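*Asks:* predicted model and sequence below, questions to follow.
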Amino acid sequence: MRRIISVLMENESGTLSRVVGLFSQRGYNIDSLTVAPTEDPSLSRMTLVTHGDERVIEQITKQLNKLIDVVKLVDLTEGTHIERELMLVKVRATGAQREELKRTSDIFRGQIVDVIANAYTIQLVGTSEKLDAFLSSIENATSILEVARSGVSGIARGEKVLSV
Amino acid sequence: MSNSIPEPEMLSGGEMLIRSLKEENVEYIYGYPGGAVLHIYDALHQQQHVKHILVRHEQAATHMADAYARASGKAGVVLLTSGPGATNGITGIATAYMDSIPMVVITGQVMSWLIGDDAFQETDMMGISRPVVKHSMTIRHQSQIAETIKKAFHIAQTGRPGPVLVDIPKDITAPNDKFPFEYPEKIKMRSYNPVQRGHSGQIKKAINELFKAKRPIIYAGGGVVLGRASEELTELSRMLNYPVTNTLMGLGAFPGSDSQFVGMLGMHGSYEANMAMHNADCILAIGARFDDRVTNAVSKFCPNAKIIQIDIDPSSISKNVSVDIPIVGPAKSVLKEMIEMARNAPQKNDTDALSDWWKQVENWRSRRAGIYRSDDSEMMKPQWVIEKMWEATHGDAFVCSDVGQHQMFAAQYYKFNKPNRWINSGGLGTMGFGLPAAMGVKLNYPDDDVVCVTGEGSIQMNIQELSTCSQYNLPVKVLTLNNGYLGMVKQWQDLNYESRYSNTYLDSLPDFVKLAEAYGHVGMRIEKPSDLEGALREAFAMKDRLVFMDILVDQKEHVYPMQVPNGAMCDMLLSKTERT
């Protein structure tokens, strides 16, 4: 099953390599990973998407917690949550394609953020699933030149917060 | 004016490091100098509190510190230079990590401004050590030294212990750059708060389950030794009157000559311990991690048992085997609470069931299955040598083992009645561990008998340390079970490769007697069984001499029992011709 784990950790050099090393050392999967400082510059927040059976996920959270630099973590997929990923996609856009791509991008509530004579760069925010859906809906209409995705970031719904 | 706060002392980084060690009451550190740590060595030279042991190879420094920690429970300290000095220490750090041994390793680093330039003797020690340390820290300024060292000891010695590495660039230790020094009394870390006690509700559940059991067994591991919980384990076990088995790392946690003790369990565990585990309906695991050398095939592991697991590390729980009642906490406090609850519980043992169970266990024990048999050959049985060594040391020595058949024979045939006396590399299985380990123990316990049980293969992996033994007068006894082969590998070749001895015969062995003498020690070669007891007596009587005993043993001997690959706990080879 797919899991989104958010981790608050000390913003120190080497912390990220400990997390990434843990995953490769123990054979866990990382589907995506994002990391940036929080409002408190001494803390970083990392969100990682992984998959595995229940036992593997339990081990992943325990092993992450065991890292000295990890302050707190939460498995967002255990409760209701919001997840978002940002995608920038550069596509060929000439002739009739231009109108078609603009329409599809509007349907997905995307924005065209760069325009040249024969290409668009479209920015799209949403769940990973939505970004996938957008890509498959345009792949027959045009050629996709480049895709840059941020990886998933997420937060719990309601009162629940992940903080120190 | 008399109320004015005293000015803090001004010290260089190198002085701060050594002073911090003094504040931690460190008596000995083990290491090897080199460019990046010269300032630290100079600071070391100008004080008397912290003494340094100069080894002949950095790996030995880590094993000495590690063995000191295993014997004393306190973190051992290592000082290594950057680059090759530090990388030579990696095997020792990994050895400590696998067995959860507290250790603080200080490694020098090239000047701050050279880091990343592939400077002379530069290696990314933080990166190289990452998978084999509990934690690691880099010092970037003198003002961080005291706090970092305090943290290093705190992290190494609390929770599930482990090695902590501190990397320090040379410029931070420079003698002329002085900064105020104050050693913190306490340390608080928001991201590290090991559990202090177990959950009482879970402990209560465990007690209920234990009293319901008809075929219970207590399975205790290295966590009991590390957690100084042997007394509590013994008290609870006696109170419940259940059979007790120890893991390789747990030997001595429960007295080895006690009638409740059924021996070690696992791959080379006793017949009765493995049978009792397999047939148990309730297993109380304490500080034991269900290692693959214990469980055999996990899918066939103890099919009818409810499992209670006490461990200080949540990630050890249900890692390999699903557990019914997990208790996260230190062995000592959890066992104390268990004893209290068991004493006041309304229910008691099922004595009828228990008496049947003991009958069954005694029945298994009386088969003496897998125990060595002497034959009329003139060759000495290695197991018998261990038994004789047990007699010669009154079962009270520190036994520091290398890795291989001799290690298993020592584990099986030396009955450890006290914890912290059996010093071996269980998790990593590091050949070359034994001699430096014995040295680390002897240095700190000069009045005790300290034996290095080894083979002619393992001893040669760190034999250069015989020189360190001369320099610091470390009169350990080296008991080499010499069969001319890498015995454990040969055993596997006998069993699985139709006795094709690929690279396991050690041709051209040195004359160990002359070698020992060359280093200034006493050498003995013992070839006949009739000479053994006299030689042992003589060797142990020489309290102030290192005696190297080269003992020629039966080349054909195998370690039994031996669990059958992919079988259950109870599937064992008992000799070359019998199996369960």
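*Replies:* In hand now; what should we look at? Residues are numbered from 1 along each chain as shown, chains lettered A, B, ... in the order given.

*Asks:* report the residue ranges of every domain in the chain.
*Replies:* The chain I'm using is chain A. Chain A breaks down into these domains under automatic domain parsing: A:2-79, A:82-153.

*Asks:* wait, I meant chain B there
*Replies:* If you go by automatic domain parsing, chain B breaks into B:9-181, B:200-366, B:382-559.

*Asks:* take the ones you listed and write them to CSV, including mean pLDDT.
*Replies:* Formatted as CSV, these follow (pLDDT from 0 to 100):
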stretch, mean pLDDT
domain B:9-181, 98
domain B:200-366, 97
domain B:382-559, 97
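
*Asks:* nearest to chain B, of the domains of chain A?
*Replies:* Of all the domains of chain A, it is domain A:2-79 that lies closest to chain B, at 3.8 Å by Cβ to the nearest Cβ. Backbone N, C-alpha and C define where each C-beta goes, glycine included.

*Asks:* what's the offset of the closest one from the middle of its chain?
*Replies:* Relative to the chain's own centre, domain A:2-79 is displaced by 13 Å; criterion: Cα atoms, centre = their mean, to the nearest Å.

*Asks:* let me know the outermost residue of chain A.
*Replies:* Most distant residue from the mean C-alpha position of chain A: A:G95, 33.0 Å away (Cα atoms, centre = their mean).

*Asks:* how far away is it from A:T142?
*Replies:* Using Cβ to Cβ, to the nearest Å, we find A:G95 at a distance of 11 Å from A:T142.

*Asks:* quick check, B:A273 in contact with B:T247.
*Replies:* No: B:A273 is beyond contact range of B:T247, at 10.0 Å (criterion: Cβ atoms under 8 Å).

*Asks:* and for the two, which residues touch both?
*Replies:* Common contact partners of B:A273 and B:T247 (Cβ atoms under 8 Å, 6 or more residues apart in numbering or on different chains): B:M264, B:L265.

*Asks:* measure B:K188 to B:E23 for me?
*Replies:* Separation of B:K188 from B:E23 (Cβ to Cβ): 17 Å.

*Asks:* so between the two, which is more surrounded?
*Replies:* For the pair B:K188 and B:E23, the greater number of neighbours falls to B:E23 (17 against 8), based on other Cβ atoms under 10 Å in any protein chain shown.

*Asks:* got the contact list for the more buried one?
*Replies:* Residues near B:E23 by Cβ under 8 Å, 6+ apart: B:Y183.

*Asks:* distance check, it against chain A.
*Replies:* According to Cβ to the nearest Cβ, to the nearest Å, B:E23 and chain A sit 22 Å apart.

*Asks:* re the thing from before, mind putting the domains of chain A into a markdown table with distance to B:N349 and mean pLDDT?
*Replies:* Output for the domains of chain A, formatted as a markdown table (distance: least, Cβ to Cβ, whole Å; pLDDT from 0 to 100):
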| stretch | distance to B:N349 | mean pLDDT |
| --- | --- | --- |
| domain A:2-79 | 34 | 95 |
| domain A:82-153 | 53 | 97 |
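
*Asks:* now render those as CSV, adding distance to chain B.
*Replies:* Formatted as CSV, the domains of chain A follow (distance: least, Cβ to the nearest Cβ, whole Å):
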stretch, distance to chain B
domain A:2-79, 4
domain A:82-153, 21
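
*Asks:* quick one, which of those domains is nearest to B:G256?
*Replies:* Comparing the domains of chain A against B:G256 with Cβ to Cβ, the closest turns out to be domain A:2-79 (32.4 Å).
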